[in-house]
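> Structure for the following, please:
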Amino acid sequence: MSRLNEARTPYAQSRVSALGLRALILVGLSIALIVADYRGQGLNTVRRGLSLAAYPLQRLVDAPASAWDWANASLSAHRSLQDENTTLKHSAQESSLKLLKLATLEEENQQLRTLLGAKPASAESAQAATILQIDLDRLRQRVLIDQGAHDGLTAGQPVIDARGVFGQTVTVGPMTTEVILLSDPGHAIPVQIERNGIRTVAMGAGDAHRLILPYLPRNADIEVNDTLVTSGLGGVFPAGLPVGRIVEVNRDPAEPLALVSAQPAAALDRARHILVLSAIPTATLAPPASPATQRAVSAPKTRAVAPR
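The predicted structure follows:
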């Protein structure tokens, strides 16, 4: 064992002396390079060459960090664009909704103006109302409006829209009122032909687009496109309100009456706002005369004659 150590000792010493020599050479070379670089400019070219040679290695080493930064920036920009796009979409939707509401309000305002302009001069007052519910069954044509007894409505008041007669009030509640339409099978309205003044009755047929005139004789002077207006009879509707237009006239020689159909002037299935007119006041009957008054009226009047 001692021999082995003795054998290795000279080798280790020689190795250490060789490393020390190399270090001494490298230190001297470094000092020489430092002095040469300080005293002259000869190493600038070498430095530039080494820098150029090392640039690809620098880029390669920096590539992962650069790629990570680029990915983060791209994702951040993508999220920012998505958020901005979502915000713009919401803003566009809100603007479209506001424009739609504005257009609806303008249309409703125009309808109300037209409706108020349709108030006949013969009506003392008119009250606008909005339709809340519709019932356009074949056997029942009625709507519910948002005005009632608290608003001064009573049963039997005429109802119109911007085009013509709509119906009349039938059941009045505290806050709402039921209106029977012209097209209800149980509704009839006295009308007259505007062209020649012929009076008749228009009845509902269970169809919002059709009225029937069942009491006209076969030889009546009535033609397609004749205009129907209220006659004022019955004490409900003022005279002269538009009711409809004749669309069909059938004269069967075997039947004494003509089959006449009319289209209502009012938009019975589309109107949103209606106008409730004041009821037409009925004529007040004079109180019966007392028996003494009747005898005084019936007794012959005498006239005094002056003496000649």
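
> buried residues in the top strand by length along the chain?
In the chain, taking DSSP state E as the definition, the longest strand is strand 126-137. The neighbour-count check on strand 126-137 (16 or more other C-beta atoms under 10 Å) flags Ala126, Gln127, Ala128, Ala129, Ile131, Leu136 as buried. For the C-beta atoms, the positions are set from N, CA and C on the backbone; glycine is no exception.

> which one of those is nearest Leu257?
Leu136 (27.8 Å; C-beta to C-beta).

> hang on, the earlier thing: check which element follows the longest strand of the chain along the chain.
For strand 126-137, the following helix or strand on the C-terminal side (DSSP states H and E) is strand 140-145.

> Please enumerate the strands of the stretch 151-300 of the chain.
For the stretch 151-300 of the chain, the strands defined by DSSP state E, counting those that start in this stretch cover 158-160, 165-172, 177-181, 188-193, 199-207, 210-213, 227-230, 242-250, 259-264, 273-277.

> quick one: strands adjacent to the last one?
Based on DSSP bridges, the pairing partners of strand 273-277 within the sheet are strand 126-137 (antiparallel), strand 158-160 (antiparallel).

> Nearest to Asp207 among the ones you listed would be which one?
strand 126-137 (8.9 Å).

> just to revisit the earlier point, need the strands paired with strand 273-277 in a markdown table (columns: mean pLDDT and distance to Val247).
Listed next are the strands paired with strand 273-277 as a markdown table, based on pLDDT from 0 to 100; distance: least, C-beta to C-beta, whole Å:
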| stretch | mean pLDDT | distance to Val247 |
| --- | --- | --- |
| strand 126-137 | 89 | 19 |
| strand 158-160 | 93 | 21 |
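
> State the distance spanning the first to the last residue of stretch 250-258.
6 Å (C-alpha to C-alpha, to the nearest Å).

> Mean confidence (pLDDT) on that stretch, please.
The average of the pLDDT scores along stretch 250-258 is 91.

> what residues does it touch?
Pro214, Tyr215, Leu216, Pro217, Arg218, Asn219, Ala220, Ile222, Val249, Leu259, Val260 (C-beta atoms under 8 Å, 6 or more residues apart in numbering).

> Which of those fall within helices?
Using DSSP state H, no member of the contacts of stretch 250-258 sits in helices.

> Just put those in CSV and tack on neighbour count.
Putting those into CSV (neighbours: other C-beta atoms under 10 Å) gives the following:
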residue, neighbour count
Pro214, 14
Tyr215, 15
Leu216, 19
Pro217, 14
Arg218, 15
Asn219, 9
Ala220, 18
Ile222, 21
Val249, 18
Leu259, 15
Val260, 24
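
> And the residues you listed, which is closest to Glu94?
Distances from Glu94 to the contacts of stretch 250-258, taken by C-beta to C-beta, are shortest for Val260, at 53.5 Å.

> Now do the same contact list for that closest one.
Ile212, Leu213, Pro214, Leu216, Ile222, Ile246, Glu248, Val249, Asn250.

> Give me the nearest residue to it, chain neighbours excluded.
Among residues not flanking Val260 along the chain, Leu213 sits closest, at 4.1 Å (C-beta to C-beta, 6 or more residues apart in numbering).

> List the contacts of the one you found.
Val191, Thr200, Val201, Ala202, Met203, Ile222, Ile246, Val260, Ser261, Ala262 are the contacts of Leu213 under C-beta under 8 Å, 6+ apart.

> State the distance from it to Ala258.
Separation of Leu213 from Ala258 (C-beta to C-beta, to the nearest Å): 8 Å.

> how about CSV for the strands paired with strand 273-277, with distance to Ala266 added?
What follows is the strands paired with strand 273-277, written out as CSV (distance: least, C-beta to C-beta, whole Å):
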stretch, distance to Ala266
strand 126-137, 12
strand 158-160, 7
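
> among the ones you listed, which is nearest Thr87?
It's strand 126-137; of these, that one is closest to Thr87 (C-beta to C-beta) at 36.8 Å.
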